[in-house]
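Q: can't give you the sequence, but here's the structure:
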């Protein structure tokens, strides 16, 4: 429940209800796919077998719920935060409208400028020293991607959104072995026609809350209309 506000008991109750509802929903899907397999991921997971063992119900639920969170939630955050950033910077929106082929670098810049994941937790696997501070095996640490993506030593004028930015080596989903599993899905959906609605924003969309505000979760932190 990191970064979600002060009313922890109420949040915990809502979270528990949601988990139970998701468990029931996925359990029904698992039973349907066992009876009538389809050409989809759940059917493949049910059928997979390694050394004579099949995935348990708990393992199926864990994998499917993880993929939902890793892919869907980050995608909605990318689309919401990215679209808001472009609405707040009409010069960048105009560039994308004039040249839809810029959708790729535009998505990457939106991920850098205000990505759906602002920090990620990791556990130290071996003792080491970082900039004079000793980190011990088993300690939990936070990698602040949002701060890293505004590092002026890596990104000239980091607080400015620029869809033509070169060498945009952002850390919106981590890097190397720590890259988030949802990155390929989120990036591909970000380039999909559903996100390219910004090329049709001659409808006069306006930002409903110019000052913005932090919502109760980090995936989509601001609202617009």
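A: Structure's in. What do you need? This one's a predicted model, so the numbers in the text were calculated from it and none came from an experiment.
Q: so how far is the longest helix anywhere in the chain from its chain's centroid?
A: The longest helix of the chain (DSSP state H) is helix 8-35. Helix 8-35 sits 21 Å away from the centroid of its parent chain (CA atoms, centre = their mean, to the nearest Å).
Q: what does stretch 42-57 give?
A: Stretch 42-57 sits 27 Å away from the centroid of its parent chain (CA atoms, centre = their mean).
Q: I'd like to check which residues are in contact with the closest residue to residue 128 other than its chain neighbours.
A: Nearest in space to residue 128, with sequence neighbours left out and distances taken as CB to CB, 6 or more residues apart in numbering, is residue 135 at 5.8 Å. For glycine as for every other residue, the C-beta is placed from the backbone atoms N, C-alpha and C. Counting by CB atoms under 8 Å, 6 or more residues apart in numbering, residue 135 touches 124, 127, 128, 129, 141.
Q: per-residue confidence for the third one?
A: Predicted confidence (pLDDT) at residue 128: the value is 94.
Q: now do the last one
A: Among the per-residue scores, residue 141 shows a pLDDT of 92.
Q: if we can go back for a sec, which other helices and strands does the longest helix of the chain contact?
A: Packing contacts for helix 8-35, counted by 3 or more CB pairs under 8 Å, 6 or more residues apart in numbering; DSSP states H and E, involve helix 41-47, helix 57-67.
Q: distance from the centroid: which residue in this structure tops it?
A: Distance from the centre of the chain peaks at residue 52, with 34.9 Å (CA atoms, centre = their mean).
Q: Tell me the spacing between it and residue 37.
A: 20 Å (CB to CB, to the nearest Å).
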